[in-house]
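K.L.:
Using only what follows, build the 3D model:
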Amino acid sequence: MSGVQNELLRTLTKVAKALRSHDIPFALAGGCAVYARGGPATEHDVDILVREEDARAAVSALVEAGMRAATPPEDWLLKVYDGDSLVDLLFRPNEVPVTDATLSRAEELQVGSVVLPVMPATEVLIGKLLVLDGHRCDFSELLPFARALREQIDWERVREATKHSPYAEAFLVLVERLDLLHSPMTRSA
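P.N.:
Have a look, this model is predicted:
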C-alpha cells in the first residue's frame, strides 16, 4: 500500500468518526468503496454520500475535526481537505439525490481501522459508468474493478440502470467479451 493510500485510509477514519459523532448518516462510495470490497486500491480521493440536507453540517463536522473546506464549482457536492487528501461529500451524484433509501443499501464493512457503511459494488459501478461521456471515457480503472468484484455485481441491474448511456453500453460489451460477467466457478472448461 502506498503512502497516498495510507493517508486516504487515515482520512477515511477521521471522516467516519466525525460524521458519526454528529449523527450524520453517510456511506462510502467511489474508489475507496471498491477497495473496501476487495478491489484495487485508489489514490484519488474519498467519496462520501450524504443527503443534501446534511451536506453543510457534514462539512462543519469535518472542519471541526481539523479539515479545511473548499468551494467547488459544482452544485452537487461539497469538498473538504485533510492535509492533501480530498474528501468529496456527494449529495446529488449523476443528478440523483442521495436519500435514506440510498444510504440504507450500504453495508457495514471494515476498512482499515474503522467499520463504516460501504455502498454495494453494483451501486458504485453504476455511478462510475454514469459519469462516462465524450470527455471522460477511460475504462482503465473500471476494468480492474469489474474483474476483481464481478461476483458482487448485479450485472442486469447495472445494464438496466445505465441503458441510456452509450458509454456504459460500450463498457458492458467489453466486459462481456472479456467474459467478466461470469464467475470463474461457473465457466465451462
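K.L.:
Check which residues of the lowest-mean-pLDDT helix or strand in the chain are buried.
P.N.:
Per-element confidence for the chain was summarised using mean pLDDT, DSSP states H and E. The lowest value among helices and strands belongs to helix 3-21, with a mean of 91. Neighbour-count burial for helix 3-21, counted by 16 or more other CB atoms under 10 Å, picks out 7, 8, 9, 10, 11, 12, 14, 15, 16, 18, 19. Quick note: C-beta positions are derived from backbone N, CA and C, even for glycine.
K.L.:
now swap in stretch 169-179 and tell me
P.N.:
For stretch 169-179, the buried set under the neighbour-count rule, 16+ other CB under 10 Å, comprises 171, 172, 175.
K.L.:
Test my guess that the second one contacts residue 158.
P.N.:
Yes. Counting by CB atoms under 8 Å, residue 172 does reach residue 158; the two are 7.1 Å apart.
K.L.:
okay, now the nearest residue to residue 154 once chain neighbours are set aside: neighbour count?
P.N.:
Excluding the flanking residues, the one nearest residue 154 by CB to CB, 6 or more residues apart in numbering is residue 122, at 4.5 Å. Each residue near residue 122 was counted by other CB atoms under 10 Å, and the total is 18.
K.L.:
Is it correct that residue 122 is in contact with residue 151?
P.N.:
No. Applying CB under 8 Å, one finds residue 122 not in contact with residue 151, separated by 11.2 Å.
K.L.:
tell me what the least confident helix or strand of the chain is packed against?
P.N.:
Under the contact definition 3 or more CB pairs under 8 Å, 6 or more residues apart in numbering; DSSP states H and E, helix 3-21 sits against helix 30-36, strand 46-49, helix 52-64, strand 77-82, strand 85-90, strand 114-118.
K.L.:
now the first one: mean pLDDT?
P.N.:
Going back to what we said before, that points to helix 30-36. Per-residue pLDDT values across helix 30-36 average out to 95.
K.L.:
just how off-centre is that helix within its chain?
P.N.:
6 Å (CA atoms, centre = their mean, to the nearest Å).
K.L.:
Which residues does it contact?
P.N.:
Helix 30-36 is contacted from outside by 5, 8, 12, 28, 40-42, 44-47, 88, 109-111, 118-119, 121, 124, 127-128, 141, 145, 148-149, using CB atoms under 8 Å, 6 or more residues apart in numbering.
K.L.:
Let's see that with 6 Å instead.
P.N.:
Contact with helix 30-36 is made by 41, 42, 44, 46, 47, 109, 111, 118, 119, 124, 145, as judged by CB atoms under 6 Å, 6 or more residues apart in numbering.
K.L.:
I only care about those that end up buried; give me the ChimeraX line for that.
P.N.:
To isolate in ChimeraX the members of those that are buried, counting by 16+ other CB under 10 Å, one can use:
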select :42,46,47,111,118,119,124,145
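K.L.:
which among the contacts of helix 30-36 gets closest to residue 137?
P.N.:
Nearest to residue 137 out of these is residue 145 (CB to CB; 15.5 Å).
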